[in-house]
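Novice: Got a predicted model here, sequence first, then my questions.
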Amino acid sequence: MSLTNYNAMSDAELKQYCLKHRGDKIAFQTYLDRINQRPHRIIASFNDPDFDEKVQAAIREKLERNRQNM
């Protein structure tokens with residue numbers, strides 16, 4: 001039984017913990033549960049004529065958010 005309090009960890013801390021403790025299946029499941037509880041944002045529909053541009057803009061936005069959080 002693990003004494004680690006996964007709920008006390010931020011998402012970033014839990015992700016790093018999972019990367020360092022790859023055998024901890026409970027931590028990994030906790031991380032997946034957290035990620036799957038988030039609402040999924042639809043960027044563009046498949047038939048959207050601006051599909052490529054919208055996806056690329058979303059990727060740039062995500063990369064910029066990650067840079068700011070480092």
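Specialist: Here it is on my side, so go on.

Novice: can you give me the helices in this structure?
Specialist: 11-20, 25-37, 51-68 (DSSP state H).

Novice: can you list contacts of the last one?
Specialist: The set of residues external to helix 51-68 that reach it, using CB atoms under 8 Å, 6 or more residues apart in numbering, is 43, 44, 45, 48. All C-beta spots, glycine's among them, are computed from the backbone N, C-alpha and C.

Novice: so can I have JSON lines of the residues you listed showing distance to residue 6, neighbour count and pLDDT?
Specialist: Putting the contacts of helix 51-68 into JSON lines (distance: CB to CB, whole Å; neighbours: other CB atoms under 10 Å; pLDDT from 0 to 100) gives the following:
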{"residue": "43", "distance to residue 6": "30", "neighbour count": "14", "pLDDT": "89"}
{"residue": "44", "distance to residue 6": "34", "neighbour count": "15", "pLDDT": "91"}
{"residue": "45", "distance to residue 6": "36", "neighbour count": "8", "pLDDT": "91"}
{"residue": "48", "distance to residue 6": "38", "neighbour count": "12", "pLDDT": "94"}
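
Novice: What is the nearest of the residues you listed to residue 14?
Specialist: residue 43 (25.3 Å; CB to CB).

Novice: if we can go back for a sec, want to try JSON lines for the contacts of helix 51-68, with distance to residue 24 as columns?
Specialist: Formatted as JSON lines, those follow (distance: CB to CB, whole Å):
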{"residue": "43", "distance to residue 24": "32"}
{"residue": "44", "distance to residue 24": "36"}
{"residue": "45", "distance to residue 24": "38"}
{"residue": "48", "distance to residue 24": "40"}
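
Novice: coming back round to it: export the helices of the chain to TSV and tack on distance to residue 5, mean neighbour count and mean pLDDT?
Specialist: Putting those into TSV (distance: least, CB to CB, whole Å; neighbours: other CB atoms under 10 Å; pLDDT from 0 to 100) gives the following:
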stretch	distance to residue 5	mean neighbour count	mean pLDDT
helix 11-20	10	14	95
helix 25-37	10	13	95
helix 51-68	26	11	92
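
Novice: Alright, I will stop here.
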